[in-house]
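Participant: following is a predicted model, sequence given first.
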Amino acid sequence: MFGKLTLEALNHEMSQNLAVISMVLGGIAMIALITYLKRWKWLWKEWLTTVDPKRIGIMYIIVSLIMFMKGFADALMMRLQQALSVGASHGFINANHFQEVVSAHGTTMIFFVAMGVMFGLLNLIIPLQIGARDVAFPFLNALGFWLFTAGGMLTLVSLVVGSFSATGWLAYPPLSELEYSPNEGVDYWIWLVQIAGVGSTMSGINFFVTILKMRCYGMSLMKMPIFTWSALCAMVLVIFAFPILTATLALLALDRYMGMHFFTASHGGNPMMYINLIWAWGHPEVYILMLPAFGTFSEVVPTFSEKRLFGYTSMVWALIVITVLSFVVWLHHFFTMGASPNVNAFFAIMTMLIAIPTGVKIFNWLFTKFRGKVHFDTPMLWFFAFVLNFTIGGMTGILLSAPPVDFQVHNSLFLIAHFHGMVIGGVLFGFFCAFTYWFPKFTGFMLNERLNRYAFWCWFGGFLLAFMPLYMLGFMGATRRLDHYDASTGWQPLFIVVGVGAIIIMIGASLQVIGLFTSFLDRKNNRDGTGDPWNGRTLEWSIPSPPPFYNFAIVPTVDQLDPLWAKKRGKEPPQKDYEDIYMPKNTPVGFLIGMLCIVFGFAMTWHIFWLALICIVAIIACLIARLSGEDEHDIFKAAEIKAMDEALRKGHKRV
Amino acid sequence: MSKRLRDCSPLNWATGCAKAPGLDRSKVAPYYNIGALSIVQPRELSRVPVAQFSGEQSLMIHHTADPNPDLGFPDPHQDSFSKNVLGFWIYLMTDCLIFATLFVTYAVLHGSTFGGPSSKDLFELPTAFAETMILLCSTLTSGLAMLAAVKSKTKQILIWLTLTFLLGASFIFIELSEFSHFIREGHGPQKSAFLSSFFTLVGTHGLHVSVGLFWMLVITFQLLIAGLTPATFRRLVIFSMFWHFLDLVWIFIFTFVYLLGVA
């Protein structure tokens, strides 16, 4: 009846029990709060059933922040364990649980934090930047979000019921095969990544078509804001890369559930094929996260330098070259596989080539600032920290791309330091930059600048403390996923420094949360009345903050890059008149399918196949019901929109 | 859905007219541009007078077609038909990548028979050839169903769809009997890496065909209940793209798995 599920699944180590208890209490507190504020109906009508990309974007970011707390707690546990677990002392986590924590940290941070903030940003910014009222497929977009959330929730479920995968964030076989990992951990991992991955493919298709089909009048491809360009390139990568992940995970699942032999060590299976396939997705994935961060900086630097972006065309081509090259470098993740020197040399050269377009971008940003009026607001601070960290990470990346060096530092902490430099120094700092920059657009008030600056310095210093020693430790031979080491290695002092760095980062993150709350409480005083607090250049700043549900009362006509900047200088092409607007109605189907997917993933993990079958049938029924119906729209008359728009603009200082 | 929106829909789809200043739309048969395929608009649906769509009647979600579209610029009044079709093309490409991954897996594991039978020992060309012919015929009948849809002949659509369904179902039947034959002889997917990859590649295609069969049933019911409306026509177009795609994938399976497998 309940497959492999027994009460034993609730039996955990102390540290995990604490996490479970705090999570359950947090959940209860949240439910109580919503009930106390009588917000259930509001939650359902305004948020859970919405198809408005602005709201979906905000929900993406909220889910990502929740998952970030989990991923960050994992990181702190690891660092604490490594600072303590020397010689005779064995720390507070046993070896197996430590591997689970490592795997959960990587999975959470990549799939549910980085991907989440990336799609959140796209949902928020893309329609506004291209002058559209909506995305191409609002329902598909909502469904993509709910599948992403379902994957994230399944991660949290795995914390409570049973154990997580202990095979690293990419579950390399043969370790992840049934023979060596017989428990439910890898199954959890397979289904939660699979569900979120399918959601990402859907969102990828949606944004690709949105950008190609829904730009406003006159916005040709080369007049598109650079962030939109970076998103377009990232979506091309999503469309090409995620199906590979879907297929690969399905094959691993077939091995585990049906006894097939794709990646097993026996019966002719080929484990290295899994590693090739997973990195054929995994390397483009790095750029899926990185490109929107590049795009963010390319928006922020011109705005805070009061100068147009230096070398727009070369920026676009750099993005395209990175997109193409990112598909021919995957083997550099496993030079030690034993491919011939010629194969390794090819991938080494391709990897080094990526440094060229990336260098073009860095220099373009620097030249944009050259002789500009540079304002040192927080978004710009994140940019400076990014340039430093990304350059260090990039240089060590060049080192790693040379096979002889890679053989020495493969799977060492040197590698960990390198890719955290890229993911924290690049993606996360890029997201923080975007968050402070676009925050007033969607909330109508500014973030507390002072607390943000403190948070920035904590993150910046904490990051250097937490990751620079890892380069040294890597050279000294410390490998990744190390839960215990000998005192004679002399690594402990460095590990303690790393732990201190992690704590400083934690202080920074707490300051950000406090800053968020104080800014919210103080929102009357730091209201953004203009809709354009940073003296912006692109279309999203031409409408009130927060944007009305229809985004643009009149779909803009543009004739050059930086249309708002041109408008401020009196160069605006003639605009259209008000018109009737059709907006899609809310639907609960996306939410329902997401919830069903959680149950489905859980049922498959525990081999409760009847329940999984019920979920599948219900999902299909939901889809047929939704797709057979006529598209439902709300209609707003031109006069109505005109009245709303004029009232909104009256409340704003700048018309 | 408002009445006006429903009325507007047919012409909303018309897209891909070349840039032609001063073109009188009423004299040119609007057509649907489905990538490489251009399909003439259903006669019945084109009875709505053209004049009704001119002027500033723009729909931002279901956009009206611009009478003189300038394709040099992106058109915010892109209609939902062309968005759907492009989106479905992209979906097909992602599906194509899934099949590409499975083909690659099959190519790598083809020789890993682990002492079990190889492709030469197992495959019988006559069966595979019969499957190919059946699927090709079903593509033809699904194409004929589309032609009937363009002429707004609902009864003909249903006949051709039924034929397509029967052909597709017999394809699945043959495939399943081939599979069960292999398994009964002890050559199941658990036997070797080669057989795992064979069953997965061909089985994934079979799963897609089964989904297509189910989809056909749903469309048939929609046609029976709602008749040929803009929405059902659009779904028929998209289904037919899916069915053609499956045929194309099968051609590759026939070539790389069966023809090269027995060579």
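Facilitator: Received it, and whenever you're ready, just let me know what you need.

Participant: then the helix or strand harbouring A:Leu613 to PDB, C-alphas only?
Facilitator: Element membership for A:Leu613, per DSSP states H and E: helix A:609-628. Below are the C-alpha coordinates for helix A:609-628, written out as PDB (Å, rounded to 0.1, in the frame of the first residue of the first chain):
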ATOM      1  CA  PHE A 609       2.700   3.400  -7.800                       C
ATOM      2  CA  TRP A 610      -1.100   3.500  -7.500                       C
ATOM      3  CA  LEU A 611      -0.900   7.000  -6.100                       C
ATOM      4  CA  ALA A 612       1.500   8.100  -8.900                       C
ATOM      5  CA  LEU A 613      -0.900   6.700 -11.500                       C
ATOM      6  CA  ILE A 614      -3.800   8.700  -9.900                       C
ATOM      7  CA  CYS A 615      -1.700  11.900 -10.100                       C
ATOM      8  CA  ILE A 616      -0.800  11.300 -13.700                       C
ATOM      9  CA  VAL A 617      -4.500  10.800 -14.600                       C
ATOM     10  CA  ALA A 618      -5.400  13.900 -12.700                       C
ATOM     11  CA  ILE A 619      -2.700  16.000 -14.300                       C
ATOM     12  CA  ILE A 620      -3.800  14.900 -17.800                       C
ATOM     13  CA  ALA A 621      -7.400  15.700 -16.900                       C
ATOM     14  CA  CYS A 622      -6.400  19.200 -15.700                       C
ATOM     15  CA  LEU A 623      -4.500  19.700 -18.900                       C
ATOM     16  CA  ILE A 624      -7.300  18.600 -21.200                       C
ATOM     17  CA  ALA A 625      -9.800  20.700 -19.200                       C
ATOM     18  CA  ARG A 626      -7.600  23.700 -19.600                       C
ATOM     19  CA  LEU A 627      -6.600  23.200 -23.200                       C
ATOM     20  CA  SER A 628     -10.100  22.400 -24.400                       C
END
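
Participant: give me the distance from it to the chain's centre.
Facilitator: 28 Å (CA atoms, centre = their mean, to the nearest Å).

Participant: and that helix, is it in reach of chain B?
Facilitator: Yes: legend: contact between helix A:609-628 and chain B by CB under 8 Å from any CB of the partner chain is shown at A:624, A:627-628. (Each C-beta comes from the backbone N, C-alpha and C, glycine too.)

Participant: please pick the buried ones from these.
Facilitator: A:Ser628 (16 or more other CB atoms under 10 Å in any protein chain shown).

Participant: so which of the residues of helix A:609-628 next to chain B is the closest to A:Asn526?
Facilitator: Nearest to A:Asn526 out of the residues of helix A:609-628 next to chain B is A:Leu627 (CB to CB; 44.8 Å).

Participant: count of neighbours near the closest residue in space to the closest one that isn't next to it in sequence?
Facilitator: With sequence-adjacent residues excluded and distances taken as CB to CB, 6 or more residues apart in numbering or on different chains, A:Leu627 is closest to B:Arg235, at 7.7 Å. Counted by other CB atoms under 10 Å in any protein chain shown, the residues lying close to B:Arg235 total 19.

Participant: likewise A:Gly26?
Facilitator: 12.

Participant: likewise the one 4 residues further on?
Facilitator: For A:Met30, the count of nearby residues is 10 (other CB under 10 Å).

Participant: so how far is A:Ile514 from it?
Facilitator: Look at A:Met30 and A:Ile514: by CB to CB, to the nearest Å, they are 19 Å apart.

Participant: need phi/psi at the residue lying closest to A:Gly131 once chain neighbours are set aside.
Facilitator: Computed as CB to CB, 6+ apart, the closest residue to A:Gly131 that is not its neighbour in sequence is A:Cys216, at 2.9 Å. When read as degrees, to the nearest 10, the backbone of A:Cys216 gives phi -80, psi 180.

Participant: A:Cys216: what's it in contact with?
Facilitator: Residues near A:Cys216 by CB atoms under 8 Å, 6 or more residues apart in numbering or on different chains: A:130-132, A:539, A:552, A:555-558, B:76.

Participant: okay if I get those as TSV plus pLDDT, distance to A:His375 and secondary structure?
Facilitator: Output for these, formatted as TSV (pLDDT from 0 to 100; distance: CB to CB, whole Å; DSSP: H, G, I helix; E, B strand; the rest coil):
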residue	pLDDT	distance to A:His375	secondary structure
A:Ile130	94	26	coil
A:Gly131	93	26	coil
A:Ala132	92	29	coil
A:Leu539	95	21	helix
A:Phe552	93	27	coil
A:Val555	90	31	coil
A:Pro556	93	26	coil
A:Thr557	92	30	strand
A:Val558	93	25	coil
B:Pro76	42	33	coil
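
Participant: could I get these as TSV with distance to A:Leu277 and neighbour count?
Facilitator: As requested, the contacts of A:Cys216 are exported to TSV (distance: CB to CB, whole Å; neighbours: other CB atoms under 10 Å in any protein chain shown):
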residue	distance to A:Leu277	neighbour count
A:Ile130	34	26
A:Gly131	40	26
A:Ala132	36	25
A:Leu539	40	25
A:Phe552	43	22
A:Val555	43	22
A:Pro556	44	24
A:Thr557	46	17
A:Val558	43	26
B:Pro76	40	25
